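A.B. asks: how would this look folded up:
(8 chains, ligands or ions: 12)
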Number of protein chains: 8
Amino acid sequence: ARTGHPEVIFGQGKTVRQVREVFRRLMKAHGRAMATRATPEMADAVKADFPEASYDPVSRLLNCGRAPRRLPGKVLVLCAGTSDIPVAEEAAGTAEWMGCRVERIYDVGVAGIDRLLAYREALRQAGVLIVVAGMEGALPSVVGGLVSRPVIAVPTSVGYGAHFQGLAALLSMLTSCASGVTVVNIDNGFGAGCAAAKIQQLVMEAREGEDLVP
Amino acid sequence: ARTGHPEVIFGQGKTVRQVREVFRRLMKAHGRAMATRATPEMADAVKADFPEASYDPVSRLLNCGRAPRRLPGKVLVLCAGTSDIPVAEEAAGTAEWMGCRVERIYDVGVAGIDRLLAYREALRQAGVLIVVAGMEGALPSVVGGLVSRPVIAVPTSVGYGAHFQGLAALLSMLTSCASGVTVVNIDNGFGAGCAAAKIQQLVMEAREGEDLVP
Amino acid sequence: ARTGHPEVIFGQGKTVRQVREVFRRLMKAHGRAMATRATPEMADAVKADFPEASYDPVSRLLNCGRAPRRLPGKVLVLCAGTSDIPVAEEAAGTAEWMGCRVERIYDVGVAGIDRLLAYREALRQAGVLIVVAGMEGALPSVVGGLVSRPVIAVPTSVGYGAHFQGLAALLSMLTSCASGVTVVNIDNGFGAGCAAAKIQQLVMEAREGEDLVP
Amino acid sequence: ARTGHPEVIFGQGKTVRQVREVFRRLMKAHGRAMATRATPEMADAVKADFPEASYDPVSRLLNCGRAPRRLPGKVLVLCAGTSDIPVAEEAAGTAEWMGCRVERIYDVGVAGIDRLLAYREALRQAGVLIVVAGMEGALPSVVGGLVSRPVIAVPTSVGYGAHFQGLAALLSMLTSCASGVTVVNIDNGFGAGCAAAKIQQLVMEAREGEDLVP
Amino acid sequence: ARTGHPEVIFGQGKTVRQVREVFRRLMKAHGRAMATRATPEMADAVKADFPEASYDPVSRLLNCGRAPRRLPGKVLVLCAGTSDIPVAEEAAGTAEWMGCRVERIYDVGVAGIDRLLAYREALRQAGVLIVVAGMEGALPSVVGGLVSRPVIAVPTSVGYGAHFQGLAALLSMLTSCASGVTVVNIDNGFGAGCAAAKIQQLVMEAREGEDLVP
Amino acid sequence: ARTGHPEVIFGQGKTVRQVREVFRRLMKAHGRAMATRATPEMADAVKADFPEASYDPVSRLLNCGRAPRRLPGKVLVLCAGTSDIPVAEEAAGTAEWMGCRVERIYDVGVAGIDRLLAYREALRQAGVLIVVAGMEGALPSVVGGLVSRPVIAVPTSVGYGAHFQGLAALLSMLTSCASGVTVVNIDNGFGAGCAAAKIQQLVMEAREGEDLVP
Amino acid sequence: ARTGHPEVIFGQGKTVRQVREVFRRLMKAHGRAMATRATPEMADAVKADFPEASYDPVSRLLNCGRAPRRLPGKVLVLCAGTSDIPVAEEAAGTAEWMGCRVERIYDVGVAGIDRLLAYREALRQAGVLIVVAGMEGALPSVVGGLVSRPVIAVPTSVGYGAHFQGLAALLSMLTSCASGVTVVNIDNGFGAGCAAAKIQQLVMEAREGEDLVP
Amino acid sequence: ARTGHPEVIFGQGKTVRQVREVFRRLMKAHGRAMATRATPEMADAVKADFPEASYDPVSRLLNCGRAPRRLPGKVLVLCAGTSDIPVAEEAAGTAEWMGCRVERIYDVGVAGIDRLLAYREALRQAGVLIVVAGMEGALPSVVGGLVSRPVIAVPTSVGYGAHFQGLAALLSMLTSCASGVTVVNIDNGFGAGCAAAKIQQLVMEAREGEDLVP
Ligand SMILES: Nc1ncnc2c1ncn2[C@@H]1O[C@H](COP(=O)(O)O)[C@@H](O)[C@H]1O
Ligand SMILES: Nc1ncnc2c1ncn2[C@@H]1O[C@H](COP(=O)(O)O)[C@@H](O)[C@H]1O
Ligand SMILES: Nc1ncnc2c1ncn2[C@@H]1O[C@H](COP(=O)(O)O)[C@@H](O)[C@H]1O
Ligand SMILES: Nc1ncnc2c1ncn2[C@@H]1O[C@H](COP(=O)(O)O)[C@@H](O)[C@H]1O
Ligand SMILES: [Mg+2]
Ligand SMILES: [Mg+2]
Ligand SMILES: [Mg+2]
Ligand SMILES: [Mg+2]
Ligand SMILES: [Mg+2]
Ligand SMILES: [Mg+2]
Ligand SMILES: [Mg+2]
Ligand SMILES: [Mg+2]
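C.D. replies: Ligands and ions are numbered 1, 2, ... in the order given. Below you'll find the predicted structure:
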């Protein structure tokens, strides 16, 4: 709330009815709302109430309205494989809904390092980077070594066998040899987008008045 | 390096001789250096070369020189119990060495919530918060709900029994219900301090010239 | 049995037929019976035999009859999020069936600490507290620090990623820094309700005759 | 504090000096103090300040003073093997320091069930039971089936091989088929003693005035 | 083969067609055959070939023919709860098919110790005991303390929460404080029945001629 | 006790004094005694009381006296590598102390299968086989396929890396594809020797009188 | 790509449409393509575009075209049980598609060691061996002791209970006492086939010109 | 033995005396010998017998004599950090002792990707690559994407916190998105060196006579 954003609904495990009701309550209180992990059925129910709501089946984000102000700087969302895209989009969509300008560079896994390196310039121009990867979760380490900006790593449950639904990628990111990488939970694109927005919010407020953040 | 900071030496598991040599090399190249998890013996060896080096036995940080510029805003380091202080000091000392202004609020564990709440004002004035906790690792969730700024959580290995050397606190922080909390590895005060400094660096550069971070 | 309560049927994994038969047997022997984790189909089958039986789809408790005596004091059931309500209701319903007076305070997770603190007075008036939480499982630590009464913590499987179906919350509660918190298994609302009732039973008997509990 | 007991010092991992200082502070504030997991060196240091302090090398409890009032009823502490005695004594000594009357029945493991059953009468006369066991941790299930009173189970790290420092006993107790058993962390005799004392405190207050616990 | 028994088909994960074919092959070679974890569909297919085959939906054993000789002594199969019965029946049925005389005592979990103790005499008359239990897996420890015969423990996946599909019971049985208990895999009733039959086979051969087992 | 054997002392974690006292008590009651995991210091203390006691530094068994009767048949103890010998000797020495005739075949790991196969005849003449292995724990599967007698598998903590102190070997043995193999805890040579002796005891009693084992 | 092979599509978790599109793209670029873990629906869609494509429902490999050159030497694929065949076929089919000559020896699990030993000659004539096994995963150790060639071990998820979906077999293979065995992930037949092909490719190039691999 | 190499002594956990004896036996039988994980004391004892033996304190390899023939091609050993060097040297020294030509490129971790990329040419000229890394274990994925030769990955126990003594790096390497990477156990430099030598041996024999490997 203090961020200026209403609480976000975690759709997973909720009934259509529950999501619809909380959505209504949030719209009434804040004039905008968002649900993550939303199903098409939830989207239909919410659109019946708010025809201007929009739903994206890839990120499974369902939202209506947006942050009143655009934040400065660029949030760059990268992901390693195409199967990581839904999580990357959850991160990107969340940051956008909170007012960030977002760019995406997808399918740049470390086993094809030259594809990633072709984007060196774009990496350096980002203010905050969200790096999404499943499998061995190595991308944040490489990216963290190429930039001096905050890097937020998101492990995904994409993998098989001894991957244990994302545990391998999570442990990998926590022990990254790139210094200053921080990590969110497995598949938690929302959390990463939210953390990036908080950084950009701080940047904006700092730019506007020195006394806000003494 | 792109951050303007030389690589930091991870002292743990290294010999006195190895640390001394890398320290010399870094001093020569950058005019300043830092080692983490340093022993008193490492400190003596380095001070023989650089009498102006300083060593803190609590954080086990050994450094010489400092970031040339002071960063704006305040990094607030909190910890839950007195046993968490060494990790909190590693975070605080790292951020300071990288140019941040740091404040500390220690021993404000959630089982005595009123002690923490007495600092509401201080919490709100911080630009970035580093929250260090062992045991059940609950402090970042409470703090994350009280502020709108970036919160970096550091689990510590302080605990017993089913704590598994910090795993309980780590899992707890990763599944925090406060949105946008990011996490570093167990006892990784260095990583948290470093991530906070990167955010403050971004803030400073953003304040100085819009074109740096477009 | 020695508690004056008949054995309770664990409905999960049983067939409708098995539940119906055991229910009949218990009703015959004790004049009342309860099944946990009951399905609507089990409820229908039992109601065919005992029209006065009642079924609650949230807690999934199916019961008929009740403890003959009301126990003194108040059992307070708290939960962190709305997804924890089914487990909280299993605890509450169990304690009620065993004769306790129960109050509920729901959706008071630690990331919004002020909501919880608004209930300080109610917390202090409770005789026994059952604290239900998923995610990081931090609520019992905070509550345990606010009251001097027995606190029974119930981790729930509500969470995602590195939560491991409730393991994160369980470990968190076991390593709580609030002293004297005891814990039951993941999602085991029944066990918590039952333990609370045993405490209230002891209180009642102690009040009535010193010689019962010498 | 609301229990009328000062905070207890967790001696493990602290220096002699730290324990001595906190002990002094607590004695000054409350007139009594206790440290758990204390070493003989800590005991010597504290006794230099408070000659009336007493130290027990088995439970490793170091205390001075005691709860002003004796609580009604009996806390019964049982343990399975002789190696579990230090944890059992930590539980017993904690409860005693908090004012409880404590009885002990040791070395009654389930592999020699008749030894345990010889104590049926004593089991039934207890108000609260603390059951300590390592290895397969089965004792609380058997005891829980013999009494109708609150049972607090304490797993110990006594075991070998696939015991994983008490994890086997912990999981065993959490999945106990005896209803209403609650569990504390591995080797946490202190926590169990403390929980038992809170129950006896409730019993006492309930006996004295109905209006205290409405 | 050397036991005089044909290889047994593990039905789980096989197609109806595969089971039917291997069954035919075994019947041709040995004149008898058995499949475990068989589905009703597998039973129908096999009965189409061998009308004298019999299928038990509880144990999911499908067999035709039997060991030519009856083994001496009694195999006693115990189980803790009614949910453990399918595994207990797999053990019992396997031992019977291999020629053993089997007795069953079910629903004698340790939380109701007197029910078990009512069978002391039967326990002592058994040559080999198979003890099946889920939840905390404590039954083999108690039984192992009451008899001097070989005890084979079978953990089941019956449990919830921190039971981890039988892991809690497995670890419990491996660390049993009753000496000489041996353990098979989770839900592996077949393995236990087979091990018991090998012991009885040894007994029989030893009785018949000293030179067979010198 | 019902086996005719006094309880065996688990020396690990006990003091010299404790072992000496229990040893005395057992000698007085039974005329013989054994301690496992005994240190040389324990051996010296016990020998001061009982000069006829004997201590083996490899198996760490310390005993005095022996089972009054020799059991029929042969217990064969195999192990995979030389590092497994201490555990194998604990098994062998235990079985011998309980009256068994024991043969040993050591260093026959599966990576050199021909060495094992050279002993086919010896394998077939054994009544009960104890198979000890660390690393991948594969030996019991191979042996179990070569004989029709009871096979007791003992995983050892010999291994490195992802062996997790014997867990790899334990899991391997539990999922053995040889039917009827039973398993004891990691490094539990005592348990295996004891289980083998119980089988041989049954064989002996069965041979002597049919009415003992009806 | 540098191997001369186009990237292989991992079909699992992809839509029919996605597989079809990537397949088209690869065919266009390389004139051949392969998808693993393909469903019959994917096969139909791809065959609509490329009628010469072939699909094998056992290995679930879907491919079109093949490596232009045949590699020298023989890749031998062994597996322990019939349930391991799908993984073994994924390995075999992958190696064949990459140009290898492949031989198969299936159902030679270690519990029937003589069946395996009947193939000694074939084992020795192989250039590279891929050994696939579930359950206790012991086959690579035995095979590794019989040959002097590179052995690639593939654990499968075939097992039950404490097998943990292939973890037991994986740990077993990693701690194999046969020296020089390397391991791929659980069920990763593709990876093993690919590694074998890389070795054979090296052999071929080395034979043709010494200067290629100096 | 079939490789033409005598068995290698695993020094860890052995006594000086045991290593000395086995070394003598191997020297007598084969004219050369090697021990891994050897201590300086073992080296002194062996050098007393064989003054020409050499010991390297970094790799802890102790050997005497060498493979009679030099193998063709180049084995390239890479490692990520300086703490990984002991394991890398164990791999390199083992391969050399078995006749390989070895090159080393150390301290090329993925967080400084440009350092690694500077060696592109050297990577491509290698016949077999051994890639050693601790922390997040990402190096094999990047290297595997740059070359078409066999890559053997070695996870090390270098790391902290949620690294679990190398488990994080091991899981990471097993789920590598680079195809055809094979893995050995944590810190198993010996196994990797041995596997590389077997590949080079195959290459050599294949070059010399087509009929050896038909
Ligand atoms: N206390 C610490 N905790 C975690 N990582 C650290 C710490 N200190 C230094 N590092 C990291 O370790 C790297 C240096 O590792 P090394 O080359 O082994 O000295 C630095 O660049 C940091 O990223
Ligand atoms: N033996 C013990 N086991 C678990 N918790 C303890 C123990 N002794 C003290 N504590 C808890 O630790 C808290 C004090 O921790 P500290 O401030 O580190 O001394 C006390 O309030 C108790 O809740
Ligand atoms: N069955 C398989 N098991 C493991 N890895 C595979 C398998 N099939 C394909 N791959 C790998 O997955 C990559 C393609 O992944 P994707 O881009 O998701 O299709 C390929 O380059 C292979 O390295
Ligand atoms: N450093 C090492 N890491 C892993 N395995 C090794 C190592 N050194 C030797 N070995 C293996 O250990 C076997 C010898 O074991 P041992 O008989 O206990 O000396 C050799 O045949 C090798 O397979
Ligand atoms: Mg890709
Ligand atoms: Mg404190
Ligand atoms: Mg809420
Ligand atoms: Mg005892
Ligand atoms: Mg029952
Ligand atoms: Mg050997
Ligand atoms: Mg087979
Ligand atoms: Mg480095």
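A.B. asks: dump the residue contacts of the closest residue in space to residue A:90 that isn't next to it in sequence.
C.D. replies: Distance criterion C-beta to C-beta, 6 or more residues apart in numbering or on different chains; nearest residue to residue A:90, sequence neighbours excluded, is residue A:189 at 3.0 Å. All C-beta spots, glycine's among them, are computed from the backbone N, C-alpha and C. Going by C-beta atoms under 8 Å, 6 or more residues apart in numbering or on different chains, residue A:189 touches A:59, A:86-92, A:94, A:130, A:132, A:154.
A.B. asks: next, the angle helix B:189-208 makes with the helix ranked longest in chain A.
C.D. replies: What stands out as the longest helix in chain A, according to DSSP state H, is helix A:189-208. In terms of direction (axes from the mean of the first three to the mean of the last three C-alpha atoms, to 10 degrees), helix A:189-208 departs from helix B:189-208 by 50 degrees.
A.B. asks: what are the buried residues along helix A:189-208?
C.D. replies: For helix A:189-208, the neighbour count (16 or more other C-beta atoms under 10 Å in any protein chain shown) marks A:189-207 as buried.
A.B. asks: how many neighbours does the residue of chain A at minimum distance from chain C have?
C.D. replies: Nearest to chain C, among the residues of chain A, is residue A:186, at 3.3 Å (C-beta to the nearest C-beta). The tally of other residues near residue A:186 (other C-beta atoms under 10 Å in any protein chain shown) stands at 26.
A.B. asks: I'd guessed it sits against residue C:160; true?
C.D. replies: Yes. With contact defined as C-beta atoms under 8 Å, residue A:186 counts as touching residue C:160 (7.3 Å).
A.B. asks: centre-most residue in chain A?
C.D. replies: Note on chain A: the residue nearest the mean C-alpha position is residue A:91, at 1.5 Å, using C-alpha atoms, centre = their mean.
A.B. asks: tell me the contacts of that one?
C.D. replies: A:77, A:130, A:132, A:154, A:189-190, A:192-193, A:196.
A.B. asks: leaving out the residues flanking it, which one is nearest to it?
C.D. replies: Excluding the flanking residues, the one nearest residue A:91 by C-beta to C-beta, 6+ apart is residue A:189, at 3.7 Å.
A.B. asks: and for residue A:126?
C.D. replies: Closest to residue A:126 by C-beta to C-beta, 6+ apart is residue A:76, at 3.6 Å.
A.B. asks: where does the one you found sit: helix, strand or coil?
C.D. replies: Recorded secondary structure, residue A:76: strand (DSSP: H, G, I helix; E, B strand; the rest coil).
A.B. asks: can you pull the pLDDT of it?
C.D. replies: For residue A:76, the pLDDT comes out at 98.
A.B. asks: any stretches of chain A with poor pLDDT?
C.D. replies: Counting by pLDDT under 70, chain A contains low-confidence residues at A:1-4, A:209-214.
A.B. asks: just the helices in chain A please.
C.D. replies: A:16-30, A:40-49, A:85-97, A:113-117, A:120-125, A:139-146, A:167-174, A:189-208.
A.B. asks: which one of those helices is the most hemmed in?
C.D. replies: Greatest average neighbour count among the helices of chain A goes to helix A:167-174 (a mean of 31), per mean count of other C-beta atoms under 10 Å in any protein chain shown.
A.B. asks: quick check, that one touching chain B?
C.D. replies: Yes. Judged by C-beta under 8 Å from any C-beta of the partner chain, helix A:167-174 comes into contact with chain B at A:170, A:174.
A.B. asks: got the angle for that helix vs helix B:189-208?
C.D. replies: When the same axes, to 10 degrees is applied, the directions of helix A:167-174 and helix B:189-208 differ by 70 degrees.
A.B. asks: show me what helix A:167-174 is packed up against.
C.D. replies: Helices and strands touching helix A:167-174, by 3 or more C-beta pairs under 8 Å, 6 or more residues apart in numbering or on different chains; DSSP states H and E, are strand A:151-155, strand A:181-183, helix H:167-174.
A.B. asks: adding distance to ligand 9 as columns, could you present these in CSV?
C.D. replies: Shown next, in CSV, are the helices and strands packed on helix A:167-174 (distance: least, C-beta to the ion, whole Å):
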stretch, distance to ligand 9
strand A:151-155, 42
strand A:181-183, 45
helix H:167-174, 39
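A.B. asks: neighbours of the residue in chain A that ligand 3 sits nearest to, just the number please.
C.D. replies: Nearest to ligand 3, among the residues of chain A, is residue A:81, at 5.1 Å (C-beta to the nearest ligand atom). As a burial measure, residue A:81 scores 22 neighbours (other C-beta under 10 Å).
A.B. asks: contacts only, for it.
C.D. replies: Taking C-beta under 8 Å, 6+ apart, we find residue A:81 in contact with A:107, A:109, A:133-135, A:158, H:177.
A.B. asks: and if you look at residue A:160?
C.D. replies: G:12, G:185-188, H:175 are the contacts of residue A:160 under C-beta under 8 Å, 6+ apart.
A.B. asks: for PyMOL, write the select line for the buried members of those residues.
C.D. replies: Typed into PyMOL, the line below selects the buried ones among the contacts of residue A:160, using 16+ other C-beta under 10 Å:
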select buried, (chain G and resi 185+186+187+188) or (chain H and resi 175)
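A.B. asks: could you measure from whichever residue of chain A sits closest to ligand 2 over to residue B:34?
C.D. replies: Of all residues in chain A, residue A:174 sits closest to ligand 2, at 25.6 Å by C-beta to the nearest ligand atom. Distance, residue A:174 to residue B:34, by C-beta to C-beta, to the nearest Å: 22 Å.
A.B. asks: ok, now residue A:200?
C.D. replies: Counting by C-beta to C-beta, the gap from residue A:200 to residue B:34 is 29 Å.
A.B. asks: repeat that for residue A:61.
C.D. replies: Separation of residue A:61 from residue B:34 (C-beta to C-beta): 42 Å.
A.B. asks: in CSV: the contacts of residue A:81, plus neighbour count and distance to chain B.
C.D. replies: Putting the contacts of residue A:81 into CSV (neighbours: other C-beta atoms under 10 Å in any protein chain shown; distance: C-beta to the nearest C-beta, whole Å) gives the following:
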residue, neighbour count, distance to chain B
A:107, 16, 24
A:109, 27, 22
A:133, 33, 16
A:134, 29, 16
A:135, 30, 19
A:158, 29, 18
H:177, 24, 23
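A.B. asks: right, and residue A:39 touches residue A:55 too?
C.D. replies: No. Using C-beta under 8 Å, residue A:39 makes no contact with residue A:55, being 9.4 Å away.
A.B. asks: and chain A, which residues reach chain G?
C.D. replies: By C-beta under 8 Å from any C-beta, the residues of chain A that approach chain G are A:82-83, A:158, A:160-163.
A.B. asks: tabulate those (a markdown table), appending distance to ligand 2.
C.D. replies: Shown next, in a markdown table, are the residues of chain A next to chain G (distance: C-beta to the nearest ligand atom, whole Å):
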| residue | distance to ligand 2 |
| --- | --- |
| A:82 | 49 |
| A:83 | 44 |
| A:158 | 40 |
| A:160 | 41 |
| A:161 | 39 |
| A:162 | 35 |
| A:163 | 36 |
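A.B. asks: farthest pair within those residues?
C.D. replies: Pairwise distances across the residues of chain A next to chain G (C-beta to C-beta) peak at 21.9 Å, for the pair A:82 and A:162.
A.B. asks: out of the two, which sits in the more crowded spot?
C.D. replies: Taking neighbours as other C-beta under 10 Å, residue A:82 and residue A:162 compare with residue A:162 leading, 28 against 17.
A.B. asks: which ones are touching the residue lying closest to the more buried one once chain neighbours are set aside?
C.D. replies: In this structure, residue A:162 finds its nearest non-sequential neighbour in residue H:174, 4.6 Å apart by C-beta to C-beta, 6+ apart. Shown in contact with residue H:174 (C-beta under 8 Å, 6+ apart): A:161-163, A:168, G:170, G:183-185, H:183.
A.B. asks: distance of residue H:174 relative to residue F:168?
C.D. replies: According to C-beta to C-beta, residue H:174 stands 15 Å off from residue F:168.
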